[in-house]
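Asker: What follows is a protein structure lacking sequence information:
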């Protein structure tokens, strides 16, 4: 009963703050509502006994990524530099397109199926603690995908470095 | 019934922490005063003992000013975000065996999460006040907290590897009751990194650039007055206490000491936390402020590589000795 109420609360808050994030005029306010959204997602993870994921969700998404968004938003002048042309000129056409996308997303929903059960029942996870179970699975069963993900992140880091380096050298040449 | 007991426990903890915060300011003013050959507060009560209470009452009754062009909602919410985040991390700190509100398995990560949330309070305060000084203070604090949080997290990874858990109670138990079991000896590099990052995370001297008064008036809290300013102040001191507690738990063996104090089990924990607090204040009275680029250099080029090296070293030692 309690879990159901908690789930409904989290779900309503996630949808509500997600909507607020795109409705709000002030970008800092919409960022704040994304922060609220992340916290409720962490709440959902907690409900699923994935406490490690919940903590990482807040540390990484709320603590690092969202703060960086805030940083970028403060550094660029939003009123002048972020003017974009409309992709679709007619307002009605864009409404029709977005309603179509919405319907197709809802139509896809029944295609979701539950994943097959792993060999970690709830009791085993609670006994070994979620962090340990996750670590063991990551470094044994899923070592290859884990390494691939690591490699992709490394490429992104190197790419960021290269881009930043190139920019600074061109500005020096210009000046 | 259980809910009521927990509520009472929370209230007791809250009251003790608030008293602690009030007297930590007194402690700081007295120590700095004596270090600078002054007396510090002397007027209110015996040797100024009632000064913090007078200050508290004063700030409570002061006028609460909101700047005209400020973003009112964010301006009001910012100090509360700060305080709530800091107070929440108190819930997972084990003060003695069994003296903990929530003994969760991810205690250490929880504290990281809450400390990253508290940086939002500072940033939003800087932005919402709509003033150049507060804005610059907020930006500085944001960059500083992000950089030093990485160093701090990495420095504690060594402790996690040695104890094999994230639960703060179990980290203390893994160190055993003996003096030589404390992680400060095998993790001396991590302890150094942690101490520096701790000063930067709590915006203390020599890393108090977000509120550098010679350049930024008072940094992110320039526009705040009365109770809201006092809330920032409280959050800062609770932050100091939380960081000192983490240092005590992860490196100094938590509540274990040379002998048990039967009437008051957290005796050694509190004593060690006060040693840390004294260290904070001592540093403040001794060192000048860093320049901003120096701060970033120390964080990224010294502390993070050191902490990473410490992880590799700990991993090797653990792999070879079992």
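Answerer: Sure thing, it's come through. Note that the structure is predicted; figures quoted are calculated from it, not measured.

Asker: In contact with whichever residue of chain A sits closest to chain B, which residues?
Answerer: Relative to chain B, the nearest point of chain A is residue A:63 (2.8 Å; C-beta to the nearest C-beta). For every residue, glycine as well, the C-beta is placed using N, CA and C. Counting by C-beta atoms under 8 Å, 6 or more residues apart in numbering or on different chains, residue A:63 touches B:112, B:113, B:116, B:117, B:119, B:149.

Asker: Can you sort out which of those also neighbour chain A?
Answerer: Contacts with chain A within the contacts of residue A:63, as defined by C-beta under 8 Å from any C-beta of the partner chain: B:112, B:113, B:116, B:117, B:119, B:149.

Asker: Of the residues you listed, which is the most crowded?
Answerer: Taking other C-beta atoms under 10 Å in any protein chain shown as the neighbour criterion, residue B:119 ranks highest of these with 26 neighbours.

Asker: Verify the stated contact: that residue with residue B:139.
Answerer: No. Residue B:119 lies out of contact with residue B:139 (C-beta atoms under 8 Å); the separation is 11.6 Å.

Asker: Spell out which parts of chain A neighbour chain B.
Answerer: Within reach of chain B by C-beta under 8 Å from any C-beta, chain A has these residues: A:26, A:28-29, A:32, A:35, A:51-52, A:54-56, A:58-59, A:62-64, A:67-68, A:70-71, A:74, A:129-131.

Asker: Might you list the low-confidence residue ranges for the chain?
Answerer: All of this refers to chain A. Within chain A, the ranges that satisfy pLDDT under 70 run A:77-85, A:167-175.

Asker: that's the wrong chain, I meant chain B
Answerer: Using pLDDT under 70, chain B drops low at B:322.

Asker: what are the ranges of the helices in the stretch 101-250 of chain B?
Answerer: Using DSSP state H, counting those that start in this stretch, the helices found in the stretch 101-250 of chain B span residues B:107-128, B:132-163, B:168-174, B:188-201, B:213-216, B:226-251.

Asker: okay, those helices in CSV with distance to residue A:6 next?
Answerer: What follows is the helices of the stretch 101-250 of chain B, written out as CSV (distance: least, C-beta to C-beta, whole Å):
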stretch, distance to residue A:6
helix B:107-128, 18
helix B:132-163, 29
helix B:168-174, 25
helix B:188-201, 32
helix B:213-216, 43
helix B:226-251, 27
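
Asker: Could you look over the ones you listed and pick the most buried one?
Answerer: When the helices of the stretch 101-250 of chain B are scored by mean count of other C-beta atoms under 10 Å in any protein chain shown, the highest mean neighbour count falls to helix B:107-128 (a mean of 25).

Asker: helices and strands around that one, which ones?
Answerer: helix A:27-47, helix A:51-56, helix A:66-75, helix B:72-90, helix B:132-163, helix B:168-174, helix B:226-251 (3 or more C-beta pairs under 8 Å, 6 or more residues apart in numbering or on different chains; DSSP states H and E).

Asker: mind listing what's buried in the third one?
Answerer: Put plainly, it is helix A:66-75. For helix A:66-75, burial by neighbour count (16 or more other C-beta atoms under 10 Å in any protein chain shown) applies to A:66, A:67, A:70, A:73, A:74.

Asker: So residue B:70: helix, strand or coil?
Answerer: coil (DSSP: H, G, I helix; E, B strand; the rest coil).

Asker: In contact with it, which residues?
Answerer: Residue B:70 makes contact with B:128, B:129, B:130, B:223 under the criterion C-beta under 8 Å, 6+ apart.

Asker: hmm, 10 Å instead?
Answerer: B:76, B:127, B:128, B:129, B:130, B:131, B:134, B:223 (C-beta atoms under 10 Å, 6 or more residues apart in numbering or on different chains).

Asker: For it, grab phi and psi.
Answerer: Main-chain dihedrals, residue B:70, degrees, to the nearest 10: phi -70, psi 160.

Asker: how much space between the closest residue to chain A within the stretch 1-150 of chain B and residue B:153?
Answerer: The minimum distance from the stretch 1-150 of chain B to chain A, using C-beta to the nearest C-beta, falls at residue B:116 (2.8 Å). Distance, residue B:116 to residue B:153, by C-beta to C-beta, to the nearest Å: 10 Å.

Asker: overlap in contacts of these two?
Answerer: A:59, A:63.

Asker: contacting residues for the spatially most central residue of chain A?
Answerer: Closest to where the C-alpha atoms of chain A average out (C-alpha atoms, centre = their mean) is residue A:61, at 6.7 Å. Residue A:61 makes contact with A:34, A:35, A:37, A:38, A:39, A:41, A:42, A:67, B:116, according to C-beta under 10 Å, 6+ apart.
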